[in-house]
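[1] predicted structure and sequence below. I'll ask about it afterward.
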Amino acid sequence: MIARRSAAAAACAAALALVSCGGSDEPARPGGKGQAPDPNDKRAVALDCFVNQEGLQARLVGEQSIQVGAEGGPRVEFLISGGEAEGRQFQGDAQGAEQIGSTLLFLNDGTEDQIEKLEKCLDDQ
């Protein structure tokens, strides 16, 4: 009886270890070498569009943003919902930002061409 419980406990521990090993907190990178980003990762999809479709220089910043070009250029912040983005604007935490769905596009010193390309990618999501 004890041997069965030990075997069952060992099997459960092994299953839990396998489940916990598969994930990563790192967001998907833009599609490279023919690989598309994870469609569930909105930030990776947007980065892929910015870089591979629109030819912009962009990089991931922190856990929820993309910086386009150099510091001072446009920045896109990804939030959980459109309501959260709207709330940030009402609170005054998003001055100079354009809300597009659940994202905030901080225009900063972006050119009109950059902004149009960013809006296109964000609208397509």
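    On my side now, so go ahead.
[2] list the contacts of the residue most central in space within the chain.
    In the chain, the residue lying closest to the centroid (C-alpha atoms, centre = their mean) is residue 43, at 2.3 Å. For residue 43, the contact set (C-beta atoms under 8 Å, 6 or more residues apart in numbering) comprises 27, 60, 64, 66, 78. C-beta: built from backbone N, CA, C; applies to glycine.
[3] quick one: low-confidence ranges for this structure?
    Residues of the chain that meet the criterion pLDDT under 70 lie in 1-34.
[4] show me the helices in it, by range?
    Assigned by DSSP state H, the chain shows helices spanning 2-21, 42-48, 82-90, 112-123.
[5] wouldn't residue 119 be in contact with residue 101 here?
    No - the criterion here is C-beta atoms under 8 Å, and residue 119 misses it with residue 101 at 11.0 Å.
[6] who's in contact with the closest residue to residue 57 other than its chain neighbours?
    In this structure, residue 57 finds its nearest non-sequential neighbour in residue 69, 5.6 Å apart by C-beta to C-beta, 6 or more residues apart in numbering. Going by C-beta under 8 Å, 6+ apart, residue 69 touches 56, 57, 58, 110, 114.
[7] how about 10 Å then?
    By C-beta atoms under 10 Å, 6 or more residues apart in numbering, the contact set of residue 69 is 56, 57, 58, 59, 75, 108, 109, 110, 111, 114.
[8] how much space between it and residue 98?
    Per C-beta to C-beta, to the nearest Å, residue 69 is found 17 Å from residue 98.
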